[in-house]
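Asks: Any chance you can model this:
(chains A and B)
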Amino acid sequence: MNTSIFLLTLVALLAFSYWVGRRRAYTVSGGHPVHLHSLPSYYGSYLALWCGLPGVLLAAGWFVVEPQVAEYYMLQALDPQTKDLPPQRLQLLITDIQNLAAGYGVFREVTPELERAAAAYNSVFNFGRSIALVAALSLSVVGLGVGRRFITPDLRARNKVERVITIVMIVASTIAIMTTIGIVLSLLFEAIRFFSRIPIDNFLFGLTWDPQTAIREDQVASEGAFGAVPLFAGTLLITVIAMAVAVPVGLFSAIYLSDYAPKRIRGTVKPLLEILAGVPTVVYGFFAALTVAPFIRDTFGGFGFPVSSESALAAGVVMGIMIIPFVSSLSDDVMNAVPQSLRDGAYAMGATQSETIKQVVFPAALPGIVGAILLAISRAIGETMIVVMAAGLAANLTANPFEAVTTVTVQIVTLLTGDQQFDSAKTLAAFALGITLFAVTLALNVVALNIVRKYREKYE
Amino acid sequence: MSSTANTADVGMRRPDLSAQRLRKRYAAERRFRLYGVIAVVTAIGMLAVLLGSIVQNGYSAFWQTQMKLTVTPTAEQIGLEGQPTPENLRDTNFRPVVYEALFQLFPEVTGEQARRQLRGFVSGAAARDIREQVIENPSLLGTSFDVWVKTDDKIDMLHKGYVDRALPPDRRLLDTEFIQWHDQLDARGRVEAFFNTTFFTGTDSREPEQAGILAATVGSFLTLFVTLLLSFPIAVLAAVYLEEFAPKNKATDLIEVNINNLAAVPSIVYGLLGLAVVINFFGFPRSSPLVGGIVLSLMTLPTIIISARSALRAVPPSIREAALGVGASRIQTVTHHVLPLSLPGILTGTIIGMAQALGETAPLLMVGMVAFIVEVPTSVTDPSTVLPVQVFLWSTSPERAFIEKTSAAIMVLLAFLIAMNATAVLLRKQFERRW
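Replies: Got it, this is the predicted structure:
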């Protein structure tokens, strides 16, 4: 039995139980639905819940434990002496058997023992899954039978159904919390394993980033250098360049659009800026690598500067363009939130429009604008595709915008997109970088959101 | 009181001074205004340059250079054994036929070296295309007929004018012979650009002239389907709970702060989450639209929740009070009245969230959707890639022809995004209600 047949059968069963529930309610009311506590459709839903919940829960539970069960059966099929291998080599063997089971080729001799293990592994997915799904359907039928007995005219079907709906809603809203916990725990867990190999102060304060690890385990190669300072510096450099583009352009666009522009211009320019915000980052990356980087190289290279074709300037400028609409729409919001009475007061004193903006509106909106800029910075730090495509891979510790630098996000992508063991220091380093990135952006966001909220309350 | 000297000062009116100051202030005003105009023009100009460069680089990818060959496939030449049934023909090799026809076009090209070079004129897909034609119509076997086949991507680039003929041969990356052969054929009317259907029906390939976006597009749709299926119901349920039912307490506050923060977490972090939890912990299949969809739905959830909440908030309390007043339960009030009224707003937010997910690349790189995929995925557990990742993969290829393909793929991606956003805008206009 495969999953889609299971789902179809389940849906049919649910529809059937809804129908049965309604009919049953009608019957027990003696043909007078007025005597029922709830509307007949609630009895239908009530029975559908009795029918659906147990089966769905059982099936979901099976899918969660399925990989573990499969691995257990695979190990059972192996020879006893194979199971005594050191954990790392056993892990490799398991991966190979999984590939074998999926029908891919493996780089080792395929012995009958391995074939047996692969067959055992596959049988869990074929045979085991069928049993579990049939069991789930049977449980649904049992639930249907049991639930049907509970239907009486006095059954508070609506309240029960609504309670289930409320619980489902609460579970849905806690998913946000679960995501955060999931992010923190998974990153922390892998990062702790990384820091057990590389001391945390080497990572945070080391000046060399060179994640070369041994290809074979018995090689004498060094563990590589994992000093992340060049990455932090590179990220900072590109962020500074991006903000140098985005803040003036974004801020002045916002001022112009909110206080000067005639309605017609405002109506055309705003959607255009929104287009800028909707362009995928991979497009910006391609634009940076193909158009902006050669342009910068040729322009500044003409003056005799040595300009790298993967200069920090190209990535930074394009990232700045990407962030312009972000800065402009947020600061537009905060400047619009400054009460008109403040502006009117300034005009009444004889101030010109620009003086009003510079000396009244802007200072009043400053906290909100700072918040907006902090959010933009957090965005620039976390931006990935532009830097992956337009910034370099070499970890140079430099402040020269014409040289190639690398960033935290670039390194995460490079460390994780190659073919390698999951447990190597290289892949774990990506998670250490990931948690650093998460912590920094989270701190920026919390501060920025707080500033923006406080500020909003002030004028409300 | 101020000193006498000061009073005397104020008493002396200096019209020239105040006029001068006023001029200065007005100049400052004009300058300030100019800065604003410059900023807006810069931003719009950047957008124009961005889109312009993409279109300029990419529009030619929708055409493809083909050449007319006169082929005469014979059974022994293609290595056919037995009757020309479709099964038997599938095992045949039409390369010798293609090369023979090519050599006949250029009888003056002799010698092993030169002929080997000439073979590079035509695409590797030519032999396959002719075979397909013969399979469809086996009576062609043994006869002589004309057929249009794809040229190699370097000839394609040359025909479209991307090769600078003035450059010395070692810098233009194309041998002079190819230019001569191309010009000869062009003069005989045997080279022409056709609409490039391969780009829409083909899958990824190392050969630019055979590469297409079908697999990536299907992968994108499957991934978005999973994303929508997961994020829409969860987001609506969460938004309804937080807006209509949640008690005002610490826990609710925590959830709210959390959602706002999640909306600003870098997307690559979601990729790390997907890799560590969804793939390595739960053992979901790597590179699959299922995993991609799960990661993207976690990422878009906050966006949809936030917009759904503001749509729910826009429904006036009087609607709720009226429903409660005639005896509806709170859940009935919401499902029968509030939710249907706010649905256009929720859908608008969902479409915008989906558009975001469609353009997202970084988290999908983390969960292995960067693989070289030749098969069109048929289910959500097949290995697949998506449009933006295809753009990324092609952009790292060194061939000139892939720049064109990348730009064209971007144009397709942007077309999808514009269509989605336009739908959202229309939806908002159509159903917008002022209470």
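
Asks: only C-alpha atoms for contact and neighbour calcs from this point on.
Replies: OK.

Asks: Now do the strands in the chain.
Replies: No chain specified, so I'll use chain A. A:209-210, A:225-226 (DSSP state E).

Asks: my question was about chain B
Replies: B:63-71, B:145-150, B:191-195.

Asks: picking that back up, could you work out which of the strands of chain A reaches nearest to chain B?
Replies: Taking C-alpha to the nearest C-alpha as the criterion, strand A:225-226 is the member of these that comes nearest to chain B, at 19.0 Å.

Asks: Outside of that closest one itself, which residues are in contact with it?
Replies: Contacts of strand A:225-226 from elsewhere in the structure, counted by C-alpha atoms under 8 Å, 6 or more residues apart in numbering or on different chains, are A:Ile198, A:Asn202, A:Phe203, A:Gly206, A:Thr208, A:Trp209, A:Asp210, A:Pro211, A:Gln212, A:Ala429.

Asks: residue contacts, the last one?
Replies: Which is A:Ala429. Residues in contact with A:Ala429 (C-alpha under 8 Å, 6+ apart) are A:Ala191, A:Phe194, A:Phe226, A:Leu415.

Asks: cool, and the third one?
Replies: With contacts defined as C-alpha under 8 Å, 6+ apart, A:Phe203 is in contact with A:Phe226, A:Gly227, A:Ala228, A:Val229.

Asks: hang on, the earlier thing: wait, which of the strands of chain A is closest to A:Asp344?
Replies: Using C-alpha to C-alpha as the criterion, the shortest distance between A:Asp344 and the strands of chain A is 56.6 Å, found for strand A:209-210.

Asks: ok, which residues in the stretch 251-400 of chain B are in contact with chain A?
Replies: B:255, B:258-259, B:261-262, B:264-270, B:272-273, B:276-277, B:282-283, B:298, B:302, B:331, B:356, B:359-362, B:365-366, B:368, B:370, B:388, B:391-392, B:395 (C-alpha under 8 Å from any C-alpha of the partner chain).

Asks: Tell me if I'm right that B:Pro344 and B:Lys429 touch.
Replies: No: using C-alpha atoms under 8 Å, B:Pro344 is not in contact with B:Lys429, being 9.6 Å away.

Asks: In terms of neighbours, single out the busier of these two.
Replies: B:Pro344 (21 against 11; other C-alpha atoms under 10 Å in any protein chain shown).

Asks: Kindly provide the distance from the residue lying closest to A:Ile198 once chain neighbours are set aside to A:Gly234.
Replies: Nearest-residue entry for A:Ile198: A:Phe226, 7.5 Å, with adjacent residues in sequence omitted and distances by C-alpha to C-alpha, 6 or more residues apart in numbering or on different chains. Using C-alpha to C-alpha, to the nearest Å, one obtains 15 Å as the distance from A:Phe226 to A:Gly234.

Asks: out of these two, which sits in the busier spot?
Replies: A:Gly234 (27 against 23).

Asks: just to revisit the earlier point, so which of the strands of chain A is the most surrounded?
Replies: By mean neighbour count, with neighbours taken as mean count of other C-alpha atoms under 10 Å in any protein chain shown, strand A:225-226 ranks first of the strands of chain A at a mean of 20.

Asks: how about the strands of chain A in CSV, adding distance to B:Ala48 and mean pLDDT?
Replies: As requested, the strands of chain A are exported to CSV (distance: least, C-alpha to C-alpha, whole Å; pLDDT from 0 to 100):
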stretch, distance to B:Ala48, mean pLDDT
strand A:209-210, 38, 81
strand A:225-226, 42, 81
